[in-house]
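Trainee: need a 3D model of the following:
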Amino acid sequence: MKILILDCLSSGDGRRLFSRDFIGGGPKLIAGVINQLNLPNIKIQIKRIENFFFKDVDNDENLKSFDLCLISAMSMDFKSVHAIVKKWRNLNHSKLIIVGGPIASDDKLLEKIDADILVQGEAEKKIMNLMNIIFRGDYQVSAFMDVEGILFRKSEKIFKTKPSKDLSIEEYNTFSDPKFYLRYIKNYSNYKSARIYVECLRGCSNFHRNKLELENSNPCLRDCNICKDSELKNRINCPSNIPPGCGFCSTISTFGYPKSRGLNYIVNEIFGLIDMGAKRIVLGGPDFLDYQREILTENLTLTSPNIPPEPNYKALNELVEAILQHKAIKEERVQIFIENVKANLCTLEALQIITKIPNSIFSIGCETGSIEFSEKLGRPFIPIKTLEGVKNASKLGIRVHVYFIHSLPGETIEYLKESINLIQIFYKLGVEKITIYKYQEFPGAPFYLLKNKSKMMQLSNKKLNSYRKKLVKTAINFNRQRKVEMIGKSYNVILAEQHISNVSHAIGYIIKGGPKVLVKNAFKEIGKQLSVKVTRIISDKLVEGEIQKY
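Mentor: So this is what the prediction gives:
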């Protein structure tokens, strides 16, 4: 059986524009899960969606050679998923299509696309069960009904099985052994220049609740304080039935509370990637500082984003020290990025551990500059905490990226003004980059059940929209000014790909992180790691540079 795993993550309508150098963890992990079954005559390939929609890559005959298609995608990738499903059906007719990832949280997805099976939440155990069914050729409704947490189509009817439980820590670690999937990184042609996501933990500790009105929930009882109960297990069930977590985020509905990966698995994956030529590794998780923090709680139930318990300093230090045993990291030939931290866990001791990583860098969520709005959103901390975390990190020489969101439900002009002011403060503190997103509705996120959506969104409010544009412009100007500071400086750049519109030019990525670099007439140098001096700014995301000759 020849299996195609299609990576559609962040592809939007079919081609990644702003995350072309990022490789997520899900597709290769699923390949490893299938390998663990030891089924005979199984061949697996991971391909990106671009391979089937643009010239000079895979053709229809290649797509026809596969017997089964598994698709990993986000909600924003609906257009590309819809297109590839249609193409698969035209070429492969009734051969099965299984869809997973965040996009699968939408119960109505099978009504919108002609796929066969939808895998919701953590996919590992479900894929194992489904592969056993498929390999047996037992396509009876009763067989699929035994697999928890899926929707499937049979005889033009759509069935939904009972919800699945979150994986235990033991199950999670069993599935995440890199020896079963590490080799599939070579299915990505750009893996030597890409930022490769290595999952350190999954799940979120923020069991605060948002304060907006939701369908199927009662209004928040402002004085009940269950969200902040000292007994962590009490936080799980809200008396008003409000789902936990930030209102715009589906992490908890997908993964539950945090569970951490074993140290050896993480280190073996990182070292294996580096030995194959990878240069940029991302330590991934909703909060890196939650790593092994769950073992400091009763019954491994971590539902507090706040101290206590403090970060697990011993485990964090062991992880960082183990990573530093690789010579390429210690000698700064490979860059380690930290995907996310929560500000209220940015203690001095935690930050000092992070500083051991050369060119240490992390991203941190702020989302809004308003204290009032952050509490309405269900944020784990108020913006002042982000400010404190950024100040302390900057003093220690840690590079920081900060995230914001605009067009959120319940947004006001005053809240937007506070965000604009905070971004200006972050500039003075030396924050390296501001990333700002437009709010998108995700199935599984609390705001997906928002009451009076159009009223809460106020997308037609001209005055409000003018301030949204001001916020975006503030972020763009911030990032552009940071690029101006790069002019005349040289950086270690890996030239990764041809420019989309002018194939004689090359696009490169700064090893230690930074904007994309356009190098004119350098397509013959693709694949090389060179010193490049920045000569001018093209946009807030792109600079131009020239190769330094010695």
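
Trainee: low-confidence stretches in the protein?
Mentor: Filtered on pLDDT under 70, the chain yields the residue ranges 12-19, 54-58, 550.

Trainee: now do the domain split for it, please.
Mentor: Annotated domains of the chain cover 2-168, 192-484, 490-547 [automatic domain parsing].

Trainee: need these in CSV with mean neighbour count and distance to Pro178, can you?
Mentor: (C-beta placed from N, C-alpha, C; glycine too.) Written out in CSV, the entries for the domains of the chain read as follows (neighbours: other Cβ atoms under 10 Å; distance: least, Cβ to Cβ, whole Å):
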stretch, mean neighbour count, distance to Pro178
domain 2-168, 18, 7
domain 192-484, 19, 4
domain 490-547, 18, 23
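
Trainee: now these in a markdown table, with distance to Tyr181?
Mentor: Putting those into a markdown table (distance: least, Cβ to Cβ, whole Å) gives the following:
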| stretch | distance to Tyr181 |
| --- | --- |
| domain 2-168 | 3 |
| domain 192-484 | 9 |
| domain 490-547 | 23 |
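
Trainee: tell me how far the biggest helix by length in the chain lies from the chain's centre.
Mentor: Across the chain, the longest stretch assigned as helix under DSSP state H is helix 462-484. Shown here is helix 462-484, whose average C-alpha point lies 24 Å from the average C-alpha point of the whole chain (Cα atoms, centre = their mean, to the nearest Å).

Trainee: that one: what's the following helix or strand?
Mentor: Downstream of helix 462-484, the first helix or strand assigned by DSSP states H and E is strand 490-498.

Trainee: packing partners for that next one?
Mentor: strand 506-510, strand 516-519, strand 529-537 (3 or more Cβ pairs under 8 Å, 6 or more residues apart in numbering; DSSP states H and E).

Trainee: which residues sit against the shortest one?
Mentor: To tie it back to what came earlier, the one meant is strand 516-519. By Cβ atoms under 8 Å, 6 or more residues apart in numbering, the surrounding residues in contact with strand 516-519 are 21, 491, 493, 495, 499, 505-510, 525, 532, 534, 538, 541-547.

Trainee: list the pairing partners of that strand within its sheet, with orientation.
Mentor: For strand 516-519, the pairing partners within the sheet under DSSP bridges are strand 506-510 (antiparallel), strand 542-547 (parallel).

Trainee: just the CA coordinates for that strand, please, in PDB.
Mentor: Only the C-alpha atoms of strand 516-519 are listed here, as PDB (Å, rounded to 0.1, in the frame of the first residue of the first chain):
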ATOM      1  CA  LYS A 516      13.900  36.700   4.400                       C
ATOM      2  CA  VAL A 517      16.800  38.000   2.300                       C
ATOM      3  CA  LEU A 518      16.700  38.600  -1.400                       C
ATOM      4  CA  VAL A 519      20.000  38.100  -3.200                       C
END
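
Trainee: chain center to that strand: distance?
Mentor: Relative to the mean C-alpha coordinate of its chain, strand 516-519 is positioned 24 Å out (Cα atoms, centre = their mean).

Trainee: ok, which of the strands paired with strand 516-519 comes nearest Gly137?
Mentor: Of all the strands paired with strand 516-519, strand 506-510 sits nearest to Gly137, with 45.5 Å by Cβ to Cβ.

Trainee: that closest one vs strand 529-537, what angle?
Mentor: Inter-element angle recorded for strand 506-510 and strand 529-537: 100 degrees (by axes from the mean of the first three to the mean of the last three Cα atoms, to 10 degrees).

Trainee: contacting residues around strand 506-510?
Mentor: Outside strand 506-510, the residues within contact range by Cβ under 8 Å, 6+ apart are 21, 193-194, 280, 491-499, 516-519, 522-523, 525-526, 530, 532, 545.

Trainee: ok, Glu199 - contacts?
Mentor: Under the criterion of Cβ under 8 Å, 6+ apart, the contact partners of Glu199 comprise Gly25, Leu29, Ser176, Arg261, Gly284, Gly285.

Trainee: got the phi and psi for the nearest residue to the last one once chain neighbours are set aside?
Mentor: Meaning Gly285. The shortest distance from Gly285 to any residue other than its chain neighbours is 4.2 Å, reached at Leu201 (Cβ to Cβ, 6 or more residues apart in numbering). Main-chain torsions, Leu201, degrees, to the nearest 10: phi -160, psi 170.

Trainee: for Val402, see how far away Leu201 is.
Mentor: Counting by Cβ to Cβ, to the nearest Å, the gap between Leu201 and Val402 amounts to 21 Å.

Trainee: can you check Thr297 too?
Mentor: As it turns out, when the distance is counted by Cβ to Cβ, Thr297 lies 28 Å from Val402.

Trainee: from the contacts of Glu199, which two are the most distant?
Mentor: Checking these against each other with Cβ to Cβ, the farthest-apart pair comes out as Leu29 and Gly285, at 14.0 Å.

Trainee: contacts for the longest helix of the chain?
Mentor: Contacts of helix 462-484 from elsewhere in the structure, counted by Cβ under 8 Å, 6+ apart, are 404, 406-407, 411-413, 416-417, 419-420, 423-424, 426-427, 432-436, 458-459, 515, 534, 537, 539-541, 543.

Trainee: could you rerun that using 6 Å?
Mentor: Helix 462-484 has contacts (Cβ atoms under 6 Å, 6 or more residues apart in numbering) with 406-407, 413, 416, 419-420, 423, 427, 433-434, 436, 458, 515, 537, 540, 543.

Trainee: just curious, which of the residues you listed is nearest to Ile98?
Mentor: Proximity of the contacts of helix 462-484 to Ile98, judged by Cβ to Cβ, is greatest for Ser407, which lies at 32.7 Å.

Trainee: how near is that closest one to Gly137?
Mentor: Distance from Ser407 to Gly137, counting by Cβ to Cβ: 48 Å.

Trainee: same thing with Arg20?
Mentor: Counting by Cβ to Cβ, the separation of Arg20 from Gly137 is 39 Å.

Trainee: equivalent analysis for Asn452, please.
Mentor: Asn452 sits 49 Å away from Gly137, going by Cβ to Cβ.

Trainee: could you do Tyr439 as well?
Mentor: According to Cβ to Cβ, Tyr439 and Gly137 sit 45 Å apart.

Trainee: same question, Ser260
Mentor: Taken as Cβ to Cβ, the span from Ser260 to Gly137 is 38 Å.

Trainee: same check, this time on Thr301
Mentor: When distance is defined by Cβ to Cβ, Thr301 is 41 Å away from Gly137.

Trainee: what of Leu396?
Mentor: Leu396 sits 59 Å away from Gly137, going by Cβ to Cβ.

Trainee: who touches Ser260 in this structure?
Mentor: With contact set as Cβ under 6 Å, 6+ apart, Ser260 has these partners: Leu201, Tyr291, Gln292.

Trainee: 7 Å - rerun?
Mentor: Applying Cβ atoms under 7 Å, 6 or more residues apart in numbering, we find Ser260 in contact with Cys200, Leu201, Tyr291, Gln292, Glu294.

Trainee: now those residues in a markdown table, with distance to Glu367?
Mentor: Listed next are these as a markdown table, based on distance: Cβ to Cβ, whole Å:
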| residue | distance to Glu367 |
| --- | --- |
| Cys200 | 22 |
| Leu201 | 21 |
| Tyr291 | 22 |
| Gln292 | 26 |
| Glu294 | 24 |
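
Trainee: what's the closest of these to Ile487?
Mentor: Minimum distance to Ile487 across the contacts of Ser260 is 35.7 Å, recorded for Cys200 (Cβ to Cβ).

Trainee: any idea how far the closest residue to the closest one other than its chain neighbours is from Ser260?
Mentor: What sits nearest to Cys200 in space, not counting adjacent residues and going by Cβ to Cβ, 6+ apart, is Gly285, at 4.7 Å. In this structure, Gly285 lies at 8 Å from Ser260, with Cβ to Cβ as the measure.
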